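Trainee: Requesting a structural model of the entry that follows:
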Amino acid sequence: QVQLVESGGGLVHTGESLRLSCAASGRSLSSATMGWFRQAPGKEREFVAAIMWNAGNTFYGDSVKGRFYTSRDKGENTGYLHMNYLVPEDTAVYYCAAGDPYYADSEDGYDYWGRGTQVTVSS
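Mentor: Residues are numbered from 1 along each chain as shown. Model prediction:
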């Protein structure tokens, strides 16, 4: 079992930055991928970013490429989502997930999910 806890959400203005954290506990993430997804009100959950825990390979959704990046600290067992140049369309609940997905941008294969953290971007 892996427990994931997100933190770092909040209210920011357009153009500002936030860093989300996802602290993992329980089983090692050594063979896992950590993904970030978001869900805005009335919309389906959307892939944001993912990182392969060991190799460090990263993947990004089209809507965040060039603005967001993901990283991880193996020693702290924590993943991060660095969000820059935020816009109101980025407003959503952000979730981290861990698992061994075949496709990093698909929810299938992510076995463990955090409860989410709210990010609100005002214009």
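
Trainee: For Asp73, list each beta-bridge partner.
Mentor: Judged by DSSP bridges, the bridge partners of Asp73 are Thr78.

Trainee: Give me the spatial nearest neighbour of the residue nearest to the spatial centre of the chain, chain neighbours excluded.
Mentor: Centroid check for the chain by CA atoms, centre = their mean gives Trp36 as the closest residue, at 2.4 Å. Using CB to CB, 6 or more residues apart in numbering and skipping the chain neighbours, the partner closest in space to Trp36 is Val48 (4.3 Å). Every residue, glycine included, has its C-beta placed from N, CA and C.

Trainee: all strands of this structure, in order?
Mentor: Taking DSSP state E as the test, the strands found in the chain are 2-7, 10-13, 18-26, 33-39, 46-52, 58-60, 68-73, 78-83, 92-99, 110-113, 117-122.

Trainee: could you dump these to CSV with mean pLDDT?
Mentor: Below are those laid out as CSV (pLDDT from 0 to 100):
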stretch, mean pLDDT
strand 2-7, 96
strand 10-13, 98
strand 18-26, 96
strand 33-39, 98
strand 46-52, 97
strand 58-60, 98
strand 68-73, 97
strand 78-83, 98
strand 92-99, 97
strand 110-113, 96
strand 117-122, 98
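
Trainee: Fine by me, thanks again.
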